[in-house]
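A.B. asks: next one to model:
(chains A and B)
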Protein chains: 2
Amino acid sequence: MSQPLIGHMDPEFIALMDSIKSRLRPLFGTDNEMTLPLSATGSAGMEACLANLLEAGDKIVIGVAGVFGLRMCEVASRIGARVTKVETDPGTVLLPERMEEAIKETNPHAVAFVHAETSTGALQPVIEIAKAAKKAGSLVILDCVTSLGGLPLRIDDWGIDAAYSGTQKCLSCPPGLSPISFSKEAVMKATERKSKVQSWYLDIGLLAGYYGSGQRVYHHTAPITAIYGLDEGLRQIEKEGLQARIARHADAAQILIEGLQTLGFEPLVDKEHRLPMLTSVKLPERVVNRGEAKVRSALLNDHGIEVGAGLGSLAGKIWRIGLMGENAREASVDRLLSALQKELAKNQ
Amino acid sequence: MSQPLIGHMDPEFIALMDSIKSRLRPLFGTDNEMTLPLSATGSAGMEACLANLLEAGDKIVIGVAGVFGLRMCEVASRIGARVTKVETDPGTVLLPERMEEAIKETNPHAVAFVHAETSTGALQPVIEIAKAAKKAGSLVILDCVTSLGGLPLRIDDWGIDAAYSGTQKCLSCPPGLSPISFSKEAVMKATERKSKVQSWYLDIGLLAGYYGSGQRVYHHTAPITAIYGLDEGLRQIEKEGLQARIARHADAAQILIEGLQTLGFEPLVDKEHRLPMLTSVKLPERVVNRGEAKVRSALLNDHGIEVGAGLGSLAGKIWRIGLMGENAREASVDRLLSALQKELAKNQ
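C.D. replies: As a prediction, the model looks like this:
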């Protein structure tokens, strides 16, 4: 990212963007032509998927298993969509049969949910829900913010029509870009809709003209430096191999959970639904008594380790520990466990 | 920008963001509390201003003096606003009396136009238009993408309610962020409106909670690395002094125009309305005959100099030469003129 800038219409940059588009595809598990990094963060990726695929009045079923599912409802309702919410308790997973029920009842234009719910650490059942949605002829939108690069994704096989992610999770790049992928059906819906996409900035029809294979049509100015960062992030993934990287995430999570359990932390999520890159643990009494925020501050200030707080209804009740991308290694786990041990040994 | 990342809720990052907010204010000429860098490019800044200040059905008068004024109309109409367009020929400036007429006729909620039209190189008359808009009780939106950091801005004195810019022009940072500033009246309109802001990502009420002075409420993940870049860009401006920087832009433009005239290029814009940071010139016959795109390619490939093409109706007719930020120096002008001389001497 310290390379000198080049112009966003420079042939060299166009070639770089073409390369990045094709190298993002295997991560999503897709052949979708419309696969590219949006010039904004993952939250804008969510908005782009919903804004392109929904018109005012359209129906959508949204699976809510945490904060990011809730955010989807808020974004969709601002677009004017009629939202049917299917909720599950934080830390648990959506029941496919409840999603199917809501889909059958409402016959929605789209179904949306989060693959890896970063607010709870639970992996949601994609295949069954997507199948029910496709059977009803709905487009399927999947939040892959935290799963891309750390879990296997097969969005084509699963029947996902629009997926979005962020660069700062398992891709180990700075935040600022949102890789997205749209199926042919999704592109068709976005371009043949009755009303224009509300957001000019996120309109994938315009982005296709800017980043597409033909003569490039000026849209916005691509964030060159961030794209350089993504280029390097992808290079690191290719060097390691995606399968090896995914296995590394799983191994690191296993070591982390075992270590945390010896310190009295218990996992929030059932074993079969735990995310490898985001481990959520319930706090033992001694941590609650000392003030969990204080312990997190000490970890940050004295040990340089950031531990995530609980979000929403889980605030003050859990910690969220990310082992993403470069950080998903035994050495990171050891560093955290030893720092945590030291902190908990103080003033007991 | 090669500094290691820190978390977006890290107290160190919050302090950095506070510093950046206060250091952007003198560049805009404002005391607006709501002054911050949006996590997307300048085009998203345009959308943020329009989307926060307009609801469906609201009326807006937009001055169109080139491509970016036209873009405002497109963005505003996607929001559902009723747009009254006041056009002027590319390369000329908006007549304040024509803007005033349209304002009187339509009594709009907002009036919007571009300060420095990058597609033509013409500086638009802000003070007169803003005065007419304020008299009618309209909010005023000003595009400062190309003017911020290269021309004096006094948005408080001028009565501007919302302004946006980009980092890649006269701030000499990479593209990716959009500094914006909202007056108290604009914040009030955005927060007391009947319908929610269509864009969740660009909602300044939510951004105020995330970047504001109280307890920070998680919104999106700020692009840390890009913010580091802006921090350094502002440091460079402070080191030089804003007045000296503005004078440097004016001086460099003067040298450029004189040099280009000796080569047969004539300025598109009248002397009193020329932008210092973007010089547009009509092409002499010998450049048209050789193919203007070919000459630009040669400048890029053989000399490492990018010259902008004409946009919209000016495509093929003009060149747009930017001297922005670090580039607004006699040395850059000399390098261009000498490269251009060499290219034009070939195959005559």
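A.B. asks: what's the domain layout of chain A?
C.D. replies: Domain assignment for chain A by automatic domain parsing gives A:11-239, A:242-345.
A.B. asks: so for the last one, mean pLDDT?
C.D. replies: Per-region confidence: domain A:242-345 scores 96 on mean pLDDT.
A.B. asks: please apply the same query to the first one.
C.D. replies: For domain A:11-239, the mean pLDDT works out to 97.
A.B. asks: quick one: end-to-end distance for that domain.
C.D. replies: End-to-end distance of domain A:11-239 (C-alpha to C-alpha, to the nearest Å): 26 Å.
A.B. asks: and it, how far out from the chain middle?
C.D. replies: Mean-position distance between domain A:11-239 and its chain equals 9 Å (C-alpha atoms, centre = their mean, to the nearest Å).
A.B. asks: out of the domains of chain A, flag the one nearest B:E238.
C.D. replies: domain A:11-239 (21.7 Å; C-beta to C-beta). Every residue, glycine included, has its C-beta placed from N, CA and C.
A.B. asks: does any part of the closest one sit near chain B?
C.D. replies: Yes: interface with chain B: domain A:11-239 contributes A:39-44, A:47, A:71, A:74-75, A:77-79, A:166, A:168, A:174-176, A:196-201, A:218-226, A:229 (C-beta under 8 Å from any C-beta of the partner chain).
A.B. asks: and the longest helix for chain A?
C.D. replies: Taking DSSP state H as the criterion, chain A has its longest helix at helix A:242-262.
A.B. asks: counting by contacts, list what that one packs against.
C.D. replies: The helices and strands touching helix A:242-262, judged by 3 or more C-beta pairs under 8 Å, 6 or more residues apart in numbering or on different chains; DSSP states H and E, are strand A:266-267, strand A:278-282, helix A:330-345.
A.B. asks: between the ones you listed, which one is closest to A:L148.
C.D. replies: With C-beta to C-beta, the closest approach to A:L148 among these belongs to strand A:278-282: 13.0 Å.
A.B. asks: now do the closest one: everything it contacts.
C.D. replies: The contact list for strand A:278-282, computed with C-beta atoms under 8 Å, 6 or more residues apart in numbering or on different chains, reads A:91, A:116, A:118, A:120-122, A:146, A:253, A:256-257, A:260, A:265-269, A:310, A:314, A:317-324.
A.B. asks: got a list of what A:D231 touches?
C.D. replies: A:L16, A:S19, A:I20.
A.B. asks: which SSE is it in?
C.D. replies: helix A:224-240 (DSSP states H and E).
A.B. asks: quick one, helices of chain A?
C.D. replies: Taking DSSP H to define them, one finds helices in chain A at A:11-28, A:42-53, A:67-78, A:96-106, A:126-135, A:155-158, A:184-192, A:204-211, A:224-240, A:242-262, A:285-290, A:292-303, A:330-345.
A.B. asks: touching chain B at all, the last one?
C.D. replies: Spelled out, that is helix A:330-345. No: using C-beta under 8 Å from any C-beta, helix A:330-345 stays clear of chain B, with a minimum separation of 14.4 Å.
A.B. asks: centre of the chain to that helix, how far?
C.D. replies: Put simply, helix A:330-345 sits 27 Å off its chain's centre (C-alpha atoms, centre = their mean).
A.B. asks: which other helices and strands does that helix contact?
C.D. replies: Using 3+ C-beta pairs under 8 Å, 6+ apart, the elements in contact with helix A:330-345 are helix A:242-262, helix A:292-303.
A.B. asks: coming back round to it: show me what counts as buried in the longest helix of chain A.
C.D. replies: Buried residues in helix A:242-262, defined by neighbour count with 16 or more other C-beta atoms under 10 Å in any protein chain shown: A:242, A:245-246, A:248-249, A:251-253, A:255-257, A:259-260.
A.B. asks: now the end-to-end length of stretch A:103-113.
C.D. replies: 13 Å.
A.B. asks: check what contacts it and list those residues.
C.D. replies: A:49-50, A:53-54, A:58-65, A:69, A:72, A:76, A:81, A:84, A:94, A:99, A:124, A:129-130, A:132-133, A:136-143, A:161.
A.B. asks: what's the PyMOL syntax to select whichever of these are buried?
C.D. replies: Filtering the contacts of stretch A:103-113 down to the buried ones (16+ other C-beta under 10 Å) takes a single PyMOL command:
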select buried, chain A and resi 49+50+53+54+58+59+60+61+62+63+64+65+69+72+76+81+84+94+99+124+129+130+132+133+138+139+140+141+142+143+161
